[in-house]
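Novice: Quick one: sequence and predicted model below, then my questions.
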Amino acid sequence: MRGAFFTKDKSKTDAIISASMLASDLARLSDELTRVENAGIEWLHIDVMDGVFVDNITYGNNVVKALRPISKLFFDTHLMVHDPTRLIPLFAKAGSDMLTIHLESEGDAAANLSEIRRLGMQSGLSVKPDTPIERVYPLLPYCDMVLVMTVEPGYGGQSFRKECIEKVRRLRDHCNENNIDIKIEVDGGINADTAKIAKQAGANVLVAGTYLFGAKDMSDAAYRLR
Ligand code: DX5
Ligand code: ZN
């Protein structure tokens, strides 16, 4: 699997880093992806915004398709869209490795997550800061990952909302108690300090945009996150 060769060398306790493309220089995307790979980062976080679920519009399946042949990074695709259902096959075809939908989006979440897996991708389910984490529990059998947003979705560069960490802790406890093996990802305002808080609570995938792309030395910044 793509990205797997990066994780082999690392100890089990190391978190996976997912570099958020939103903070990259979009005019030089190909170079930016090389920079991420050279920093030893495993995943690329691709924020898809439709201007309806959130205010902004970013990029879609055509950009994933264009980047796929030039990169071995694991494409961690975060759909912030009103209606994800009909987009699922488009991202499968484009080459996404993980497809995360929002619990707050339209459609049947269980059916969508099953379809994501059926098409060969890993399935992710995300919750906004004000959505109770308990709402994902019945859907965990359909999820490879839960993305706990630590900012309101829609913009990069916001401050980490510390109160969201309690949700990570409750979810990790629930998974441990019920023998559920799942990835927990945090997204928004992640830097060396907030990464530590998130990992302690049970997160094992860390999305970082501003912190990584704004760093003088991306490898060093990635090391600090881990
Ligand atoms: C926000 C996006 C994030 C964003 C994180 O809606 O989901 O992935 O890029 O950016 P930073 O790391 O700058 O907070
Ligand atoms: Zn995101």
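Specialist: Yep, that arrived. Nothing here was measured: the structure is a model prediction, and the numbers come from that model. Ligands and ions are numbered 1, 2, ... in the order given.
Novice: Tell me where this protein has helices.
Specialist: 4-8, 29-38, 61-67, 88-94, 109-118, 165-177, 192-201, 210-213, 218-225 (DSSP state H).
Novice: Quick check: residues of this protein near ligand 1?
Specialist: Counting by Cβ under 6 Å from any ligand atom, the chain comes close to ligand 1 at 20, 22-23, 45, 47, 78, 151, 153-158, 187-190, 207-211. No exception for glycine: its C-beta is placed from N, CA and C like everyone else's.
Novice: what's the most buried one of the helices of the chain?
Specialist: helix 210-213 (a mean of 22; mean count of other Cβ atoms under 10 Å).
Novice: ok, back up a step: can you tell me which of the residues of the chain next to ligand 1 are buried?
Specialist: 20, 22-23, 45, 47, 78, 151, 153-154, 156, 187-190, 207-211 (16 or more other Cβ atoms under 10 Å).
Novice: In JSON lines: the helices of the chain, plus distance to ligand 2 and mean pLDDT.
Specialist: What follows is the helices of the chain, written out as JSON lines (distance: least, Cβ to the ion, whole Å; pLDDT from 0 to 100):
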{"stretch": "helix 4-8", "distance to ligand 2": "20", "mean pLDDT": "46"}
{"stretch": "helix 29-38", "distance to ligand 2": "15", "mean pLDDT": "98"}
{"stretch": "helix 61-67", "distance to ligand 2": "14", "mean pLDDT": "98"}
{"stretch": "helix 88-94", "distance to ligand 2": "14", "mean pLDDT": "98"}
{"stretch": "helix 109-118", "distance to ligand 2": "16", "mean pLDDT": "98"}
{"stretch": "helix 165-177", "distance to ligand 2": "15", "mean pLDDT": "98"}
{"stretch": "helix 192-201", "distance to ligand 2": "14", "mean pLDDT": "98"}
{"stretch": "helix 210-213", "distance to ligand 2": "12", "mean pLDDT": "98"}
{"stretch": "helix 218-225", "distance to ligand 2": "15", "mean pLDDT": "97"}
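Novice: So which of these is nearest residue 82?
Specialist: Nearest to residue 82 among those is helix 109-118 (13.0 Å), distances taken as Cβ to Cβ.
Novice: Alpha carbons of that closest one, as PDB, please.
Specialist: The C-alpha trace of helix 109-118 is given here as PDB (Å, rounded to 0.1, in the frame of the first residue of the first chain):
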ATOM      1  CA  ALA A 109     -23.100   7.700   6.300                       C
ATOM      2  CA  ALA A 110     -23.000   3.900   6.800                       C
ATOM      3  CA  ALA A 111     -23.800   3.300   3.100                       C
ATOM      4  CA  ASN A 112     -21.200   5.900   2.000                       C
ATOM      5  CA  LEU A 113     -18.500   4.500   4.200                       C
ATOM      6  CA  SER A 114     -19.300   1.000   2.900                       C
ATOM      7  CA  GLU A 115     -19.100   2.200  -0.700                       C
ATOM      8  CA  ILE A 116     -15.700   3.900   0.000                       C
ATOM      9  CA  ARG A 117     -14.300   0.500   1.200                       C
ATOM     10  CA  ARG A 118     -16.000  -1.400  -1.600                       C
END
